[in-house]
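Peer 1: sharing a model that was predicted from the sequence below.
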Amino acid sequence: MSDQPATAKKGLAHDLAPGLYLVATPIGAARDITLRALDVLAGADAIAAEDTRTARKLMEIHGVAVAGRPLLAYHDHSKDSARTRVLRLIEEGKSVAYVSEAGTPLVADPGYQLARAAIAEGLPVTTAPGASAAIAALCLSGLPSDRFLFAGFAPQSRAALKTWVAELAPIRATLILYESPRRIHKLLDVLADGLGGDRRVAICRELTKHFEEVLRGSIDDLRDRIADRALKGEIVVVIDKGDAVETDAETLDDALRQALVGQSVKDAAAMVAAATGLPKRQVYQAALQLSRQEDET
């Protein structure tokens, strides 16, 4: 069996090879689904969904009938038996389409564990790519897109949030994160303290929906602009990359020593280079020299 499933007979939607198909679904506008995604949903032997009601409604909109096929719930609170059931279907030669509630599966989504388990068992896994709130927000933000980090959902408690922002602060990349509208004001307060109020940011909400809105400006500016507003809907926050961190040789060595604990020279150098903004080659050479010195002692 190959590593990736493929359509068994080209052009026939109802002849999918066995495997797990990770199907991206719209984040708002129902028409943002791809033709291939519809083919997979029509042809799969079974469908696993983060929210079966949302999946059924999406299929009804596009005229794809469940037609007696298993429609299985698979979400954050699913037991291991739900994952096992999906894997056993694939082992029996079935094709299973997995859809998250909205967007691309595995991006801040319970499908990660399902895909990981299927890969670990050597089962075929492929994707029908499509909508992603993170990428849509990056495109609309007007911020640099050459290098970015998806940081996921922001922590809820203020203490954890402060620590989280402090860890992100040195990273020389545009940051993308998800936040609840109830906590967006607290997030901006912590971002202003941890990153500086003049850092550019974009707040993107209700993407591809009727009330889509993108607010752009500095952290301080947006904090003032929404101070008296109760935002609604799904929110993606995009933060401009920061300035390079001033790093002397001693500071660089200290950072590398910490990074080298439990990591290879290559991985440690990559992490420190990303955090400091220093050239990768320079940091790698420093890490290599430091590793050799410690081996000799």
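Peer 2: Arrived safely. Residues are numbered from 1 along each chain as shown.
Peer 1: which residues in this protein form strands?
Peer 2: 19-23, 46-49, 71-73, 95-99, 125-128, 148-153, 174-179, 200-205, 213-218, 235-239 (DSSP state E).
Peer 1: out of those strands, deepest packed?
Peer 2: strand 95-99 (a mean of 28; mean count of other CB atoms under 10 Å). Every C-beta, even on glycine, is put in place using the N, C-alpha and C of the backbone.
Peer 1: once you drop chain neighbours, what's closest to residue 188?
Peer 2: Nearest non-adjacent residue to residue 188, counting by CB to CB, 6 or more residues apart in numbering: residue 223, 4.3 Å away.
Peer 1: picking up where we left off before, and of the strands of the chain, who's closest to residue 254?
Peer 2: strand 148-153 (22.7 Å; CB to CB).
Peer 1: any stretches of the stretch 1-150 of the chain with poor pLDDT?
Peer 2: 1-14 (pLDDT under 70).
Peer 1: which residues touch the spatially most central residue of the chain?
Peer 2: Nearest residue to the geometric centre of the chain (CA atoms, centre = their mean): residue 107, 3.2 Å. Applying CB atoms under 8 Å, 6 or more residues apart in numbering to residue 107 gives the contacts 100, 132, 134, 150.
Peer 1: was I right about the second one contacting residue 25?
Peer 2: No: with contact defined as CB atoms under 8 Å, residue 132 does not reach residue 25; the gap is 10.5 Å.
Peer 1: list the residues that contact both of those two?
Peer 2: residue 103.
Peer 1: quick one, which of those two is more surrounded?
Peer 2: residue 25 (26 against 19; other CB atoms under 10 Å).
Peer 1: kindly state the beta-bridge partners for the more buried one.
Peer 2: Here residue 25 sits in beta bridges with residue 103, going by DSSP bridges.
Peer 1: quick check: it vs residue 68, distance?
Peer 2: Separation of residue 25 from residue 68 (CB to CB, to the nearest Å): 22 Å.
Peer 1: and the helices in the stretch 1-150 of the chain?
Peer 2: Under the criterion DSSP state H, counting those that start in this stretch, the stretch 1-150 of the chain contains helices at 35-43, 52-61, 80-91, 111-120, 133-141.
Peer 1: make a markdown table out of those and add mean neighbour count and distance to residue 182.
Peer 2: Shown next, in a markdown table, are those (neighbours: other CB atoms under 10 Å; distance: least, CB to CB, whole Å):
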| stretch | mean neighbour count | distance to residue 182 |
| --- | --- | --- |
| helix 35-43 | 20 | 32 |
| helix 52-61 | 16 | 22 |
| helix 80-91 | 15 | 30 |
| helix 111-120 | 16 | 25 |
| helix 133-141 | 20 | 18 |
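Peer 1: the ones you listed into CSV, with extra columns for distance to residue 181?
Peer 2: As requested, the helices of the stretch 1-150 of the chain are exported to CSV (distance: least, CB to CB, whole Å):
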stretch, distance to residue 181
helix 35-43, 28
helix 52-61, 20
helix 80-91, 30
helix 111-120, 24
helix 133-141, 14
